[in-house]
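>>> Here you go, sequence then predicted model.
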Amino acid sequence: MGYVVGDYLLDRLQQLGVTEIFGVPGDFNLQFLDHVIAHPDIRWIGSANELNAGYAADGYARLRGIGAVVTTYGVGELSAVNAIAGSYAEHVPVVHIVGVPAKDIQAHHRVIHHTLGDGDFHHFRRIAAEVTCAQADLGAADACAEIDRVLNSVRVHRRPGYLMLATDTARVEVSPPTTPLAPPADFSSAGARAAFERAAREFLAGHRVTVLADIVVDRVGATGRLRTLVGPSADQPQGLPHATLAWGKTLVDESAHNFLGIYTGAASPPEVRAAVEDADRLVTVGVQYTDSITAGFSQRIDPRRTIDIGPERTVIGGVDAFAPLSLPAALEILIDLAAEFAPPAPFPAHDGTVGLESPAADAPLTQAILWPMVAEALGNNNIVVADQGSAFFGLATLRMPTGITFLGQPLWGSIGYALPAALGAGIACPDRRAVLVIGDGAAQLSIQELGIWIREQLTGVIILVDNNGYAIERAIHGPDAPYNDIAPWRWSELPHAFGGDADSVLSLRATTAGELQQCLKAATDEPDRLVFLQVVTGTTDYPPLVSDIASALTRANKGT
């Protein structure tokens, strides 16, 4: 057999930066998988289940710019829908490739396995349409054109795409692509650029400007421009005061003298809240306010003093809109105008550290002790992945060293996401060390991927918070309720059960501050092994931010 549709799809993915594909085999995708494992530049990463495969592709895509997951029809793809929905909500470009029955079987409406038994083979495509930006049922006549269309949409919209690849379509012979896919062009109109430049100059000139940024900046590839805007320059030697929301943590260098901190609405440190909410002029960049990162929408941002830069349009003073104007283009204009901003007020002094006060060595571990010690131990090149709950909120407000990439899922908030996502992120960047922080309840949802982590010989650190259940749920409602309990596991034995040995995994346990200090040092000294660290804290001990967020969610759930 010559060059076929399956090869074309793989070559297009490889051109976009995919060198690993995650998934689970099923009889409708097996022949396509033969092409995956035969491809010279793409490696197959078999996952324990489809949900975890989707999470891993998401973590991979956040570092690489695109990821791919392969499942089989029906039972496989539906298992992955939760992960794909999370990627859609959080603007992560993942290509979901579904192996489906042959076109002849579909045309005859045969009742076969993995279907609903009614001969309709598009039930699940209709489901996928709700959580993907583009879909295609690839056919022999136009498979290559449809692949290009969906991949282009994924790149432009930074959201998942869905491809139905029938067993016979995958084998149709086609010509290889002759040119690479063109990168997305900037869609900003000249008129919108010029009008925004005039209005922004009038609005900002002579005023002190503060910047508040969030995750969409990263998703549209404008992180470098953001850092140029806020960093020291000839026009603004001190740089601009700036903060991020927790969703956009580590978008900027958090050790910089002009980084204010993490803004969480009413739960913010007073100095951060005042600097953002009382700013002379505030520029919000890629900001999307959600309940869990604003303590229940407690932000107090005056649109009359704000320039709000979104992915496709910008609004000044809450009234004047400029479109089509891309976020990167709007940042470029503000960079050019920076010389006209008033110099900022003196910044509060800080040394870029988390400000840890050493607890007594025999002090029992608490959330207040745990997270500053973890943050203090992080290296400059780590990828930190925090599961939604006490792990995410425990680290969210602490300053990270230069070079850290922090990943979380605060909008979709699917517990268990972080373990497979950390695996995917570590595979995407093998020269960087993945550090996973996850609660015991969340870990029980996706622990199977620990076996894949060990099989792939991925190093890194897994910090598992053993606090006897769903702490974030306890904080919201039912601290003593049995539904927030989990089955007790012998966590220290799991690495061995999932295929690890003393040469590949170092298993540690800490119950006091002194033990944690020793364990973190051991983790730092063991860069060539996976370090599995179980830390034991109280059942109803929460980070301060968790208590603030939980109170807001409790009020919302009660309708008060």
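Structure's in. What do you need?
>>> Tell me which other helices or strands the worst-scoring helix or strand of the chain on mean pLDDT touches.
One helix or strand of the chain scores below all others by mean pLDDT, DSSP states H and E: helix 544-558, with a mean of 79. Here helix 544-558 touches helix 390-396, helix 471-476, going by 3 or more C-beta pairs under 8 Å, 6 or more residues apart in numbering; DSSP states H and E. To be clear about C-beta, it is placed using only N, CA and C from the backbone, and glycine gets the same treatment.
>>> ok, 10 Å please
helix 367-377, helix 390-396, helix 471-476 (3 or more C-beta pairs under 10 Å, 6 or more residues apart in numbering; DSSP states H and E).
>>> Can you pull out the low-pLDDT segments for the stretch 1-150 of the chain?
Applying pLDDT under 70 to the stretch 1-150 of the chain flags the ranges 1.
>>> do the same with the stretch 451-560 of the chain
Checking the stretch 451-560 of the chain against pLDDT under 70 turns up 560.
>>> the strands in it, which residues?
Counting by DSSP state E, counting those that start in this stretch, the stretch 451-560 of the chain has strands at residues 460-466, 505-510, 530-536.
>>> Mind pulling up the pLDDT for residue 234?
On the pLDDT scale, residue 234 is placed at 88.
>>> quick one: secondary structure of it?
Recorded secondary structure, residue 234: coil (DSSP: H, G, I helix; E, B strand; the rest coil).
>>> Who are the contact partners of it?
Neighbour list for residue 234: 338-339 [criterion: C-beta atoms under 10 Å, 6 or more residues apart in numbering].
>>> switch the cut-off to 7 Å
Going by C-beta atoms under 7 Å, 6 or more residues apart in numbering, residue 234 touches no other residue.
>>> quick one: it from residue 338, how far?
Distance of residue 234 to residue 338, computed by C-beta to C-beta, to the nearest Å: 9 Å.
>>> Next, show the common contact partners of those two.
Shared contacts of residue 234 and residue 338 (C-beta under 7 Å, 6+ apart): none.
>>> could you dump the helices and strands packed on helix 544-558 to a markdown table with distance to residue 292 and mean neighbour count?
Formatted as a markdown table, the helices and strands packed on helix 544-558 follow (distance: least, C-beta to C-beta, whole Å; neighbours: other C-beta atoms under 10 Å):
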| stretch | distance to residue 292 | mean neighbour count |
| --- | --- | --- |
| helix 367-377 | 17 | 21 |
| helix 390-396 | 9 | 29 |
| helix 471-476 | 10 | 24 |
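>>> Out of the ones you listed, which gets nearest to residue 321?
Taking C-beta to C-beta, helix 390-396 is the member of the helices and strands packed on helix 544-558 nearest to residue 321, at 31.5 Å.
>>> what sits up against whichever helix or strand comes after the closest one?
Using DSSP states H and E, the helix or strand that follows helix 390-396 in sequence is strand 405-407. Here strand 405-407 makes contact (C-beta under 7 Å, 6+ apart) with 59, 62, 249-250, 383-385, 400, 421, 425.
>>> Strand 405-407: what's the following helix or strand?
Reading on from strand 405-407 to the C-terminus, the next helix or strand found by DSSP H and E is helix 418-428.
>>> Apart from its neighbours in sequence, what residue is nearest residue 465?
Closest residue to residue 465 apart from its sequence neighbours, by C-beta to C-beta, 6 or more residues apart in numbering: residue 439 at 4.8 Å.
>>> my guess is the one you found meets residue 387, correct?
Yes: contact criterion C-beta atoms under 7 Å: residue 439 and residue 387 qualify, at 6.2 Å.
>>> about what we covered before: out of the strands of the stretch 451-560 of the chain, deepest packed?
Per residue and on average, the most neighbours among the strands of the stretch 451-560 of the chain fall to strand 460-466, with a mean of 26 (mean count of other C-beta atoms under 10 Å).
>>> Most neighbours out of the contacts of strand 405-407, which is it?
Ranked by the number of neighbours (other C-beta atoms under 10 Å), the contacts of strand 405-407 place residue 421 first, at 35 neighbours.
>>> what's the closest non-adjacent residue to it?
residue 59 (3.1 Å).
>>> contacting residues around the one you found?
For residue 59, the contacting residues are 385, 407, 420-425, by C-beta under 7 Å, 6+ apart.
>>> so, if you compare those, which one comes nearest to residue 290?
Looking at these and their distance to residue 290, the nearest is residue 407, at 16.2 Å (C-beta to C-beta).
>>> Report how many residues lie close to the closest one.
Residue 407 has 25 neighbouring residues, counting by other C-beta under 10 Å.
>>> burial of the closest residue to residue 387 other than its chain neighbours, as a residue count?
Closest residue to residue 387 apart from its sequence neighbours, by C-beta to C-beta, 6+ apart: residue 418 at 3.6 Å. Per other C-beta under 10 Å, the neighbour tally for residue 418 reads 31.
>>> doesn't residue 438 make contact with residue 418?
Yes: the criterion here is C-beta under 7 Å, and residue 418 meets it with residue 438 at 5.1 Å.
>>> so what sits against both of these two?
Common neighbours of residue 418 and residue 438 (C-beta under 7 Å, 6+ apart) are residue 387.
>>> Setting the sequence-adjacent residues aside, check what's closest to residue 516.
Nearest residue to residue 516, sequence neighbours excluded (C-beta to C-beta, 6+ apart): residue 510, at 4.1 Å.
>>> can you pull the contacts of that neighbour?
Here residue 510 is in contact with 365, 516, 519, 533, 535 (C-beta under 7 Å, 6+ apart).
>>> which strands and helices sit next to the one helix or strand residue 229 maps to?
Using DSSP H and E, residue 229 falls within helix 223-230. Judged by 3 or more C-beta pairs under 7 Å, 6 or more residues apart in numbering; DSSP states H and E, the packing partners of helix 223-230 are strand 209-213, helix 327-337.
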